[in-house]
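1. below: sequence and its predicted model.
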Amino acid sequence: MKIVRRLLEEKTKGVWSIAPDQTIAEGLRLMAEHDVGALLVVVEGRLVGIVTERDVVRKALLQGRDPATTPIAEIMTERVLYVRPEQTVEECMALMTDKHLRHLPVLEDGRILGIVSIRDVVADLIAEKSFIIEQLENYIYDIPPYSRV
């Protein structure tokens, strides 16, 4: 089982963040520029929230808020669920599935180490299962024919 720390090491480096007083429009520009679906909301290096594309649609656009003037603080999720680097990828998947999340920050002693997405987790689990299948197939084909029953 792979742990989150290893998953982060294999990812492209970079955690994109925004301040709570920046506008939704600035957040959308950052998301588009870096091709990400979520930004961590950070104040003085401390995680205070997360904002996702889903938040923008549901909490801003559908409520008629102006993205050019509305601060991120008005639509961000303040109660941020996160994982620790020693947790397994399977634990991430379980949490994401149970809580309907697409992004999980990774924190260690309050320090932001990165963020994992559902895409990262699914890709890793598929790769691991494919590897196991390949190993089992190799094992089966390596058994001498006379020992097969």
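-> Yep, that arrived. Numbering: from 1, shown residues only.
2. if I read this right, residue 99 contacts residue 81, doesn't it?
-> Yes - under the criterion of Cβ atoms under 8 Å, residue 99 lies in contact with residue 81, with a separation of 6.0 Å. In short, each C-beta sits where N, CA and C put it, glycine included.
3. higher neighbour count, the two?
-> It is residue 81, of residue 99 and residue 81, that has more neighbours when counted by other Cβ atoms under 10 Å, with 14 against 9.
4. what residues are up against that one?
-> When the contact criterion is Cβ atoms under 8 Å, 6 or more residues apart in numbering, the partners of residue 81 are 95, 99, 101, 104.
5. tell me how far the closest residue to residue 68 other than its chain neighbours lies from residue 18.
-> Using Cβ to Cβ, 6 or more residues apart in numbering and skipping residues adjacent in sequence, the residue nearest residue 68 is residue 25, 4.8 Å away. Taking Cβ to Cβ, to the nearest Å as the criterion, residue 25 is separated from residue 18 by 11 Å.
6. the two: which has the busier surroundings?
-> Between residue 25 and residue 18, residue 18 has the larger neighbour count (other Cβ under 10 Å), namely 23 against 16.
7. so what's that one bridging to?
-> According to DSSP bridges, the residues that bridge with residue 18 are residue 41.
8. returning to what we had before: the residue nearest to residue 68 in helix, strand or coil?
-> Following DSSP: H, G, I helix; E, B strand; the rest coil, we place residue 25 in the helix state.
9. correct me if wrong: it contacts residue 72.
-> No - at 9.9 Å, residue 25 does not count as touching residue 72 under the criterion of Cβ under 8 Å.
10. any idea how far residue 126 is from residue 133?
-> For residue 133, the distance to residue 126 (Cβ to Cβ) stands at 10 Å.
11. show me what the worst-scoring helix or strand of the chain on mean pLDDT is packed against.
-> Evaluated with mean pLDDT, DSSP states H and E, the helix-and-strand set of the chain has its lowest mean pLDDT in helix 118-142, which scores a mean of 78. Using 3 or more Cβ pairs under 8 Å, 6 or more residues apart in numbering; DSSP states H and E as the contact test, the elements touching helix 118-142 are helix 4-10, helix 89-99.
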